[in-house]
Every structure is written in structure tokens, then in C-alpha cells.
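Q: Prediction below, plus the sequence it came from.
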Amino acid sequence: MKKTRVLIGMMGLDQHEAGAISVSRMLRDAGMEVVYMGRFNSSDMIIRAALQEDVDVIGLSFHSWDFLYYVPEMIEMMKERDIKVPIIVGGSVITKDDANKLKAMGAADAFCPSAADHEIIQSIKGIIREVSGRDE
């Protein structure tokens, strides 16, 4: 059975990668393959890497409010290119209200800083089940 592949990246000038590294390790420990892009990515860089690496989910980490710009831009770029890789967003500044807005924009899920590991893992597994019918 194919392992779930998750791309984790940070966009813009955000340099706070402790959360992204922590989530990457947590997903790896849960049996997923993680492609870690690190800092200073653009929407185009993330999309190209997601296609090259054949990932199932894109995880974006934000420590600032850059998600208000980058997530809608990325979703629009993916729609224009007919790319259907689900996006999950998380970060230390995301509130429950922000999470709801991100989901309304088209993100598959969004997490506040208080999200537990099992919530993130279960969300990804649920998204994979919904998109591909694959059971992890």
C-alpha cells in the first residue's frame, strides 16, 4: 500500500520553522512520508514540488498572517492549473475564526496552535480517504 506523502513548507519571509519541523516529525512518526521544503517558498515553488514529488497533501505553516495572502493565491493558481492536491494550513497565529475562513477559501483543513497531534493525523487520513478512497 502506498504511504501518504505530505509536503510541508513555509511561504514568504517567515523564518519560524520550529512548528513545521515538529509537524514533519510527527507525521513521519505516524508512518507518512514527508517532503520538507523549508522556508522562503512561493506558491509556484510549492505547487511545482507537490507535482514533482507526487504528494497527497500540501501542509503550509505560518507564524505570521501571510496566510491571508498566500493561501488564496495558491488555491487560485491550483484551480487555474486543475491541480487537486488538498491544502492543510497551520500556524501559531491561526485562530478558530481564521481556520473557518481558510476552509471557506478552499483549504481542506486548518489548525490552530492548540491542535493535538492526533487531530492533525486523523484529518490527513480523512482527507486521503475522501479524495482517493484509500484507507491509511
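A: Thanks, I have the structure now.
Q: Going by C-alpha atoms from here, please, whenever you check contacts or count neighbours.
A: Fine.
Q: Rounded mean pLDDT for stretch 83-100, please.
A: Stretch 83-100 shows a mean pLDDT of 91.
Q: which other residues reach it?
A: 19, 55-65, 78, 102, 107-113, 127 (CA atoms under 8 Å, 6 or more residues apart in numbering).
Q: Apply 7 Å and report the result again.
A: 56-65, 107-113 (CA atoms under 7 Å, 6 or more residues apart in numbering).
Q: repeat for stretch 110-124
A: Counting by CA under 7 Å, 6+ apart, residues outside stretch 110-124 touching it are 27, 88, 89, 90, 91, 92, 94, 95, 96, 99, 102, 103.
Q: What of stretch 57-64?
A: 5-10, 14, 16, 20, 85-93.
Q: Can you list the helices and strands that the strand or helix carrying residue 49 packs against?
A: If you go by DSSP states H and E, residue 49 is part of helix 43-52. Contacts defined by 3 or more CA pairs under 7 Å, 6 or more residues apart in numbering; DSSP states H and E place helix 43-52 against no helix or strand at all.
Q: beta partners of the residue nearest the centre of the chain?
A: With distances taken as CA atoms, centre = their mean, residue 59 lies nearest the centre of the chain, 1.4 Å away. Beta-bridge pairing for residue 59 (DSSP bridges): residue 8, residue 88.
Q: who does whichever strand in the chain runs longest pair up with?
A: The longest strand of the chain (DSSP state E) is strand 33-41. Applying DSSP bridges to the sheet, strand 33-41 is found paired with strand 5-11 (parallel).
Q: After the partner strand, which helix or strand is next?
A: With DSSP H and E, the next secondary element past strand 5-11 is helix 18-29.
Q: Off-centre distance for that following helix?
A: 12 Å (CA atoms, centre = their mean, to the nearest Å).
Q: for it, what is the average pLDDT?
A: On average, helix 18-29 scores 94.
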